[in-house]
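A.B. asks: requesting a structural model of the entry that follows:
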Amino acid sequence: MDIIRMEGGLGNQLFQYALYRQLQSMGRTVKMDVTTEYGREHDRQQMLWAFDAVYEEATQDEINRLTDGFMDLSSRIRRILIGRRTKKYAEADSNFDPQVLLKTPVYLTGYFQSNKYFKDVEEILHTELKFSDRIYDGISKALTDKIRNYQKRIHEAESVSLHVRRGDYLNHPEMYGVSCTTEYYRAGVHYIRERHPGAKFFVFTNDPVWTEKWIRENFLGDFTLVQGTSEETGYLDLMLMSQCKHQIMANSSFSWWGAWLNPNKDKIVVAPEPWLGDRECRDIYTEGMIRINPEGIVRHKERISEE
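C.D. replies: Coordinates of the predicted model:
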């Protein structure tokens, strides 16, 4: 048996679920550990229910067997004497690690942020990962009406989602703050306007007060700041982002899935390069992404439509 530890926000959960489906397609028995990260008080929530994603959850006993986590006296003494007998394997770095697909039995930890981890099941995932009608359960009629109004405007326009990630990113500017500069966003807007002069931009952010001022000071044209959602209803933002015809991403797994879930075969997807500070993240990029550096220089111009 293999177990994948689920952790992080919705974008990371989707990468972990995609790996889960890949391992299943290889004939493996796979379960998800949803208790280690989310079983305690945590500011992140499991949100895969928004897609009606089905996965089997590992029991604590199964987790302990792979991680040598039993706390009985004999197990604790043995670990002191001869060390831990664990099947844990952590993804090697920020790029595709083929060992993730080869090791079994294994307890996997990591974010697995590359479509190389689920190449064999991409078509299946495109079919499976549809937003459930349940996403409207428990939210107000006013918010439901607002979301449906955004959907109407997005569908009627040459719509572009523009994602500005702040919040927790501000705590690590050396890693998260160097890529998505104002110059990056200006270049992305210009790139899309050259090809779609009537484009309308829908801005998604977790810092609407700052972002509204930033838009006003740096951009002209048709920009709509999407408001009304929260961390708890982030799946609504992801749904709206994915329904836009094109994307200007932040260096965020949430942005990545907003673009991947977009079914438009002629979509333009603009991505920041580098992705995370000075860390090499070559495998986060998919074929056809338009990569733009912090100075606003387009590094990769070729865009190949997905078949």
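A.B. asks: and stretch 21-37, C-alpha only, in PDB?
C.D. replies: Once side chains and other backbone atoms are set aside, the C-alpha atoms of stretch 21-37 remain, and they are given as PDB (Å, rounded to 0.1, in the frame of the first residue of the first chain):
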ATOM      1  CA  ARG A  21      -5.000   9.000  -9.500                       C
ATOM      2  CA  GLN A  22      -1.700   8.400 -11.400                       C
ATOM      3  CA  LEU A  23      -0.600   5.800  -8.900                       C
ATOM      4  CA  GLN A  24      -4.000   4.100  -9.100                       C
ATOM      5  CA  SER A  25      -3.700   3.900 -12.800                       C
ATOM      6  CA  MET A  26      -0.400   2.000 -12.300                       C
ATOM      7  CA  GLY A  27      -2.300  -0.700 -10.400                       C
ATOM      8  CA  ARG A  28      -1.200   0.500  -7.000                       C
ATOM      9  CA  THR A  29      -3.300   0.500  -3.800                       C
ATOM     10  CA  VAL A  30      -3.200   4.100  -2.700                       C
ATOM     11  CA  LYS A  31      -4.800   6.000   0.200                       C
ATOM     12  CA  MET A  32      -4.700   9.600   1.400                       C
ATOM     13  CA  ASP A  33      -3.500  10.700   4.800                       C
ATOM     14  CA  VAL A  34      -5.900  13.600   5.600                       C
ATOM     15  CA  THR A  35      -5.500  13.500   9.400                       C
ATOM     16  CA  THR A  36      -1.800  14.400  10.000                       C
ATOM     17  CA  GLU A  37      -2.100  17.900   8.500                       C
END
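A.B. asks: that stretch: how far from the chain's middle?
C.D. replies: Put simply, stretch 21-37 sits 18 Å off its chain's centre (CA atoms, centre = their mean, to the nearest Å).
A.B. asks: so which bits of that stretch are buried?
C.D. replies: In terms of neighbour count (16 or more other CB atoms under 10 Å), stretch 21-37 has its buried residues at 21-24, 30-34, 36-37. Backbone N, C-alpha and C define where each C-beta goes, glycine included.
A.B. asks: likewise for stretch 200-217?
C.D. replies: Using 16+ other CB under 10 Å as the test for burial, stretch 200-217 gives 200-206, 208, 211, 214-215.
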